[in-house]
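Peer 1: need a structure here:
(one chain, ligands or ions: 1)
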Amino acid sequence: MLECTSTMSLVVVLIVLLFTWMYFNIRRPSGMPPGPTPYPIIGNVPILLEKKKLWNTFKDMTFKYGPIFSVKFGWYWGVVINNHDLTQEALLTKFNEFSGRHPSYTFDLSSDHGKDIVFAQPTPTWKFHRKLAHLAIRKFCTDGLESLVEKVIPKVGDVLSEKAGTPFDPKEVIKLAVYNIIASMCFGHEYNFKDPQLHKLMKVIDEINDAIGNCSILDFIPAARFLPSTSMNLGLFRKLTLEYFAIILTEVNQHLRTYSPDEPANDVIELLLKTQKDELETDSSASKLTDVHIKHIVSDLFFAGTDTSTASLLWAVACMMDNPDVQEKIKKELDDVIGDRPPRLSDRGKLPYTEAVIMEIMRYGTASPLGLPHRAIEDSTIGNYNVPVGTIVFINHWALHNDSKYWVSPEKFKPERFLDSTRTIKQRLPSFLPFSTGRRGCVGEALAKAEIFLIFSWLIQNYKFEKAPGETGNVAITGTCQLTHFPRPYQTVVHPRG
Ligand code: HEM
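Peer 2: Just a heads-up that it's a prediction; the model follows:
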């Protein structure tokens, strides 16, 4: 009888402990923004598994909870910011407080615990790496980009001429152009469009993107790695990242054999190797640029620079097919201002309509709808709410770009919204942040804008894009829901313009 009573008491104590733990596990820290009630352990992870567009789900949640709300993903609390003013507060006014990155399990693994730029915490080493990346990108934009695009464009032209008049998916040829530009900046050489190494690189990046989608639950509940299906995906993710790094390391090793530290650096790898050598010689901060850092910086720039620009150009072609009048207006502006010669970067200021169309493509497609999650590195506030240290901070760029307070009929493609009454580009429009801003803003913004302008304006100058026969609806609509927002795969019919 006594034994039975003590077992009962133990069970009661365990149940009380379990409920107490559950209560604290799901209890919103005081002063945090409102949000859905989380389940114990998994929190609001079911939202992630819905296979919907997360940025749209978040935007819909604002109707219930307001422009900022909190969610619990697995073990971590997060806040989602969906409007301009709160985004400015988080990214600009409190740029330091929210400049961390969520220590995601998968990315920690693939970046050797943040030895890259994208997933590194905001340390002086990360700042130094960002500075080097900016330097390399700025040099490439002023010295190499235009002539490189002029070399790549005829290859794109060959493919388009071959396909003229028959429906085809433009994704591959756009990717080939973008990959060649980034390869030239990072490795100092382009590829032949048929080069197996280039196709291997494209394939592995595609596969890593697919695997990232499958691994995301791990980033919030690390213990999920012991589940059979997650551990299989994790294994695949590891294998793919090793394959990717092997390609990057082949390029780095090739440079080690051939580059001369006394000559000016011509590409990202040369710049990093040269900086490393200078650092070692002065012995000041040698450990700030190890071989591992070099591998990850190059990998980051390649990875971050390819999919986002490809997606933007795919949105561009799709929007042109849906809006043939816009396409003709660009063609006319190009004819009037530059005639037959290829567009140059210095033409940008003289082509306001073309520029406005590109900005509208960036808004309408929003290639990076949730950007990269930030993290509060100290206790802080956003609006009237508390945001404790460690909270993940999501900026919903999609919500900003579709906020009817700032955009009339945001669901419509209207380039004119970026032009003032004198047909001049409106500068610094609120609620428009395709590249994010502040301390962690996109490192490649200048390059992305320049390459998209050069490729897009050349395409419209020389080709007309039409919908495939039988395609009656809009083409520019959402496709897969990965980190990067691509339009649904589509076919186009291209006609060379005389
Ligand atoms: C249309 C093209 C692009 C778009 C829409 C885009 C957008 C973004 C966004 C939204 C972020 C997150 C910023 C944040 O955390 O607040 C980001 C970060 C980043 N982007 Fe881009 N990006 C593009 C092209 C590029 C290119 C061409 C490169 C380099 C070659 C690049 C390199 C990076 C890097 C390194 C980061 C991480 C910065 C950090 O964590 O400190 N991006 N980008």
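Peer 1: For the residue of the stretch 301-450 of the chain at minimum distance from the ligand, grab the count of nearby residues.
Peer 2: Nearest residue of the stretch 301-450 of the chain to the ligand (Cβ to the nearest ligand atom) works out as G444 at 2.0 Å. The way it works is simple: take the backbone N, C-alpha and C, and place the C-beta from them, glycine included. Using other Cβ atoms under 10 Å, G444 has 22 neighbouring residues.
Peer 1: Now for it: which residues touch it?
Peer 2: Applying Cβ atoms under 8 Å, 6 or more residues apart in numbering, we find G444 in contact with 137, 301, 304-305, 308.
Peer 1: try 7 Å this time
Peer 2: 137, 304-305 (Cβ atoms under 7 Å, 6 or more residues apart in numbering).
Peer 1: Can you show me the strands along the protein?
Peer 2: Using DSSP state E, the strands of the chain run over 68-73, 76-81, 100-101, 374-375, 380-382, 385-387, 392-395, 463-467, 478-481, 485-487, 492-496.
Peer 1: So which bits of this protein are right by the ligand?
Peer 2: By Cβ under 6 Å from any ligand atom, the part of the chain that sits against the ligand consists of 117-118, 130, 182, 300-301, 304-305, 308-309, 312, 367-368, 371-372, 374, 434-436, 440-444, 447-448.
Peer 1: Most neighbours of all the contacts of G444, which one?
Peer 2: Most surrounded of the contacts of G444: other Cβ under 10 Å gives G305, at 24 neighbours.
Peer 1: ok, that one touching I182?
Peer 2: Yes - between G305 and I182 there is a contact at 4.5 Å, judged by Cβ atoms under 7 Å.
Peer 1: still on that earlier bit, restrict the residues of the chain next to the ligand to the buried ones and give me that as a PyMOL selection.
Peer 2: The following PyMOL line selects those of the residues of the chain next to the ligand that are buried, judged by 16 or more other Cβ atoms under 10 Å:
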select buried, resi 117+118+130+182+300+301+304+305+308+309+312+367+368+371+372+374+434+435+436+440+442+443+444+447+448
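Peer 1: Now go through the residues of the chain next to the ligand and say which are in helices.
Peer 2: Counting by DSSP state H, those place 130, 182, 300-301, 304-305, 308-309, 312, 447-448 in helices.
Peer 1: Which pair in those has the greatest spatial separation?
Peer 2: For those, the farthest-apart pair by Cβ to Cβ is R130 and S312; their separation is 22.0 Å.
Peer 1: Contacts only, for the residue nearest to K59 when sequence neighbours are not counted.
Peer 2: Of all residues not flanking K59 in the chain, A399 sits nearest, at 4.4 Å (Cβ to Cβ, 6 or more residues apart in numbering). Contact analysis of A399 by Cβ under 7 Å, 6+ apart lists 55, 58-59, 62, 82.
Peer 1: Which members of those residues define the maximum pairwise distance?
Peer 2: So, the contacts of A399 by Cβ to Cβ: farthest apart are W55 and T62, at 11.4 Å.
Peer 1: okay, these two: which has more neighbours?
Peer 2: Between W55 and T62, W55 has the larger neighbour count (other Cβ under 10 Å), namely 25 against 18.
Peer 1: who are the neighbours in contact with the more buried one?
Peer 2: Listed by Cβ under 7 Å, 6+ apart, the contact set of W55 reads 369-370, 396, 398-399.
Peer 1: and if you look at G305?
Peer 2: So G305 contacts 182, 444, 447 (Cβ under 7 Å, 6+ apart).
Peer 1: and of those residues, the nearest to F69?
Peer 2: When the contacts of G305 are compared against F69 (criterion: Cβ to Cβ), the nearest one is G444, at 30.4 Å.
Peer 1: Find me the pLDDT at the closest one, would you?
Peer 2: At G444, the model reports a pLDDT of 96.
Peer 1: Poorly predicted segments of the stretch 151-300 of the chain, please.
Peer 2: 213-215, 229, 231-232, 283-286 (pLDDT under 70).
Peer 1: Can you name the residue of it nearest the ligand?
Peer 2: Counting by Cβ to the nearest ligand atom, the stretch 151-300 of the chain gets nearest to the ligand through D300 (5.1 Å).
Peer 1: Please look at that residue and V118 and confirm they touch.
Peer 2: Yes - counting by Cβ under 7 Å, D300 touches V118, with 5.0 Å between them.
Peer 1: What is the burial count for S404?
Peer 2: By other Cβ under 10 Å, neighbour count at S404 equals 9.
Peer 1: one step back: so how far is N462 from the residue of the stretch 151-300 of the chain closest to the ligand?
Peer 2: As defined by Cβ to Cβ, to the nearest Å, D300 lies at a distance of 33 Å from N462.
Peer 1: cool, L145 as well?
Peer 2: Applying Cβ to Cβ to L145 and N462 gives a distance of 19 Å.
Peer 1: still on that earlier bit, any idea how far the residue of the stretch 151-300 of the chain closest to the ligand lies from V159?
Peer 2: The separation that D300 has from V159, given Cβ to Cβ, amounts to 29 Å.
Peer 1: cool, A133 as well?
Peer 2: Remark: distance between A133 and V159 (Cβ to Cβ) = 31 Å.
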